[in-house]
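# Sequence first, then the predicted structure, then my questions.
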Amino acid sequence: MPDRVAFNHLGQCVTDLERSKRFYVDLFDFTLEREIKPPDDLSAKLLGLEPPLGMTASYLRRDGLVLELLHFAAKAPKAHPPRVMNEPGLTHISVSVDDVDAVLARVPDYGGDVLADTNIGFGVFVRDPDGQLIEILPMSYRAQVE
């Protein structure tokens with residue numbers, strides 16, 4: 001019999017921690033649970049990076065999902081072209097909201113971009129300040145998958 005398994009968190013590297021926290025906390029109502037600055041030697045070994053790192057990890061929670069925002073003060077991340085949906089790996093985060101149009105109107109205020117050409121009338125994609133794809137769906141969609 002396999003050991004018990006439990007979801008822990010998703011990690012996302014960001015270039016500006018305060019901007020990213022504001023995007024997820026103020027726009028999507030995540031809650032900042034804790035923030036840590038682990039020692040470089042242990043973090044570097046675990047992450048396969050060369051020190052110094054100057055890493056800060058901010059843990060945000062929403063509906064049981066924990067999103068870990070990782071910022072590296074001593075190792076700025078390299079610019080990355082925007083991901084597309086058919087690249088291997090995690091493709092997007094999806095959230096349901098009460099008023100899609102109201103949220104879309106606020107996205108630019110928090111450093112994100114609305115991908116208007118993806119709007120199919122009830123769903124649309126946005127990019128967070130670092131380019132992470134986020135699918136915005138109406139709350140009625142969530143009711144279908146629960």
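Structure's in. What do you need? Numbers count the residues shown, from 1 in each chain.
# Where does the prediction get shaky in the chain?
The model of the chain has pLDDT under 70 over residues 1, 146.
# domains for it, by residue range?
Here the chain is described, according to automatic domain parsing, as comprising the domains 10-72, 93-145.
# just the helices in this structure please.
Residue ranges of the helices in the chain, as given by DSSP state H, are 17-22, 28, 40-47, 100-106, 139-145.
# For the second one, which outside residues touch it?
Meaning helix 28. Identification of contacts with helix 28 by Cβ atoms under 8 Å, 6 or more residues apart in numbering yields 62, 95, 97. No exception for glycine: its C-beta is placed from N, CA and C like everyone else's.
# And it, how far out from the chain middle?
Remark: helix 28 is offset 11 Å from the chain centroid, using Cα atoms, centre = their mean, to the nearest Å.
# hmm, back to that, could you dump the helices of the chain to a markdown table with distance to residue 7?
Converted to a markdown table, the helices of the chain look like this (distance: least, Cβ to Cβ, whole Å):
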| stretch | distance to residue 7 |
| --- | --- |
| helix 17-22 | 21 |
| helix 28 | 19 |
| helix 40-47 | 19 |
| helix 100-106 | 25 |
| helix 139-145 | 16 |
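# for those, which one sits closest to residue 68?
Taking Cβ to Cβ as the measure, these were each checked against residue 68, and helix 17-22 came out nearest at 11.1 Å.
# Mean neighbour count added to the helices of the chain, as TSV?
Written out in TSV, the entries for those read as follows (neighbours: other Cβ atoms under 10 Å):
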stretch	mean neighbour count
helix 17-22	17
helix 28	18
helix 40-47	14
helix 100-106	14
helix 139-145	11
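# Nearest to residue 83 among the ones you listed would be which one?
The stretch from those with the least distance to residue 83 (Cβ to Cβ) is helix 17-22; that distance is 16.1 Å.
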